[in-house]
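Q: What follows is a predicted protein model with its sequence.
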Amino acid sequence: MESLQITGGNVLTQEGFARRDVLVEGGRVAALDGARGGVPFDAAGLLVLPGIVDIHGDAFERQVQPRPGVEFPTDLALEETERQLLGNGITTAFHGITLSWEPGLRGAEAWQRLIAALAARRWTCDMRVHLRWEAYNLDALDMALADIAAGRVHLLAFNDHTPSIVGKLEHDATTATYSKRAGMEMDAFRALAHRVAERVDEVPAALARLAAAARAAGLPMASHDDDTPATRAHFRALGAHICEFPMAEDVAEAARAADDAVIMGSPNVVRGRSHLGWASAARLAEAGLCTVLSSDYFYPCLLQAPFRLAARGVLDLAQAWALVSANPAAAAQLDDRGSIAPGKRADLVVVDASAATPRLVASIAGGRLAWMDAAAWERAGAALLAG
């Protein structure tokens, strides 16, 4: 479909909500109002919003390994993941692929399979690579540097879960979770974790090399689970201007004071609390301390969270929607999306907000009608087929 005319919707533009017609041509927003042409799509009574940009999501792991030790082909897992993304209004997705010293789901071989599968075909959802680098994974450093230099990485995040993992190894139940994910016996996993942790003195130089490579490639960078303002300042000095999931409110305050983006999870907003007992994402968003919401581990929450925030009465829907569209696009250095304006990439979602739980009607990704619900198909299907 080369051209699409979305008519009668309440469209969120850079000036706010208004009844507008949107002409989509060649994968871009061609015009707002006036210009005619293309296959008609009646959006009367519906919201037309910028497509969702998810810059931190790892729910795809459940398609790769739905149960510990049970894995499926990567291309099949990504096909199912793409359906879930588009069915939840996510038109740009940065897959948080962990490159860890752990074998199995988060190991080097899984990394290579995912990178290869993403590059093997053209996807409707713009699926990108968010490299979650585990700080102690020194044996894979050269591979990560090569993938960054080759343009296979689109966002680099610094993670350090090793001390936490090592600290829990005396508990069999927790160790069993890690070892099953890695496909190892518990004693073998414990031995591996201790060997890895002994290389602590080599970690700072490796992080500096990665940061230098990312700067040279012009990649956005993030640090994950910053526990103190000093930690945030350290990673900011390396070039990481995204603060993912700050562990304390003063960390978020320090990040925003330096104009860093602050990411929190949309499940936190929808559930009303963090599953780890950390700060409320809704409250921090209302205070201006959270600037980006991500899917984290559950894609459906990204569509619902802005409406939950707007219902609380502090942010209006336009401000809340920016947390899942314009703001993450800016943080990820994607200036061609995140808003509805002529010349922008035609990533749009059509939403029925009349019910208590807003319902996705259609997703348009790169100008392609990528997902549509049954009611919309009944209303527009004949015209779309004719087009």
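A: In hand now; what should we look at?
Q: Relative to the whole chain's centre, how far out is stretch 17-36?
A: A distance of 27 Å separates the centroid of the chain from that of stretch 17-36, by Cα atoms, centre = their mean, to the nearest Å.
Q: That one spans what distance, first to last residue?
A: 21 Å (Cα to Cα, to the nearest Å).
Q: quick one: buried residues of it?
A: 17, 20-25, 28-32 (16 or more other Cβ atoms under 10 Å). Placement of C-beta: from N, CA and C, glycine included.
Q: Kindly report the same for stretch 216-236.
A: Those buried within stretch 216-236 under the rule 16+ other Cβ under 10 Å are 219-226, 229, 231-232, 234-236.
Q: about what we covered before: format the buried residues of stretch 17-36 as JSON lines; extra columns: pLDDT, distance to residue 319 and secondary structure.
A: Shown next, in JSON lines, are those (pLDDT from 0 to 100; distance: Cβ to Cβ, whole Å; DSSP: H, G, I helix; E, B strand; the rest coil):
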{"residue": "17", "pLDDT": "97", "distance to residue 319": "12", "secondary structure": "strand"}
{"residue": "20", "pLDDT": "94", "distance to residue 319": "19", "secondary structure": "strand"}
{"residue": "21", "pLDDT": "95", "distance to residue 319": "24", "secondary structure": "strand"}
{"residue": "22", "pLDDT": "96", "distance to residue 319": "21", "secondary structure": "strand"}
{"residue": "23", "pLDDT": "95", "distance to residue 319": "27", "secondary structure": "strand"}
{"residue": "24", "pLDDT": "96", "distance to residue 319": "25", "secondary structure": "strand"}
{"residue": "25", "pLDDT": "95", "distance to residue 319": "30", "secondary structure": "strand"}
{"residue": "28", "pLDDT": "97", "distance to residue 319": "26", "secondary structure": "strand"}
{"residue": "29", "pLDDT": "96", "distance to residue 319": "21", "secondary structure": "strand"}
{"residue": "30", "pLDDT": "95", "distance to residue 319": "27", "secondary structure": "strand"}
{"residue": "31", "pLDDT": "93", "distance to residue 319": "26", "secondary structure": "strand"}
{"residue": "32", "pLDDT": "94", "distance to residue 319": "21", "secondary structure": "strand"}
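Q: nearest to residue 81, of those?
A: Closest approach between the buried residues of stretch 17-36 and residue 81, by Cβ to Cβ: residue 24, at 24.8 Å.
Q: For that closest one, give its distance to residue 5.
A: Note on residue 24: its distance to residue 5, by Cβ to Cβ, to the nearest Å, is 8 Å.
Q: Overlap of the contact sets of those two?
A: residue 38 (Cβ atoms under 8 Å, 6 or more residues apart in numbering).
Q: Strands of the stretch 201-350 of the chain, start to end?
A: Taking DSSP state E, counting those that start in this stretch to define them, one finds strands in the stretch 201-350 of the chain at 221-224, 242-244, 261-265, 292-294, 348-352.
Q: now, of those, which is deepest in the fold?
A: Most buried of the strands of the stretch 201-350 of the chain, by mean neighbour count (mean count of other Cβ atoms under 10 Å): strand 292-294, with a mean of 31.
Q: so which of the strands of the stretch 201-350 of the chain gets nearest residue 180?
A: strand 221-224 (23.0 Å).
Q: Pairing partners for the closest one, with directions?
A: Strands that pair with strand 221-224, judged by DSSP bridges, come out as strand 155-159 (parallel), strand 242-244 (parallel).
Q: ok, and what's touching it?
A: 56, 132, 155-160, 211, 214-215, 231-232, 235, 238-245, 263.
Q: Kindly report the same for stretch 177-193.
A: 65, 68-69, 101-107, 162, 165-166, 169, 172, 175-176.
Q: 6 Å - rerun?
A: For stretch 177-193, contacts defined as Cβ atoms under 6 Å, 6 or more residues apart in numbering pick out 68-69, 102-105, 165-166, 169, 175.
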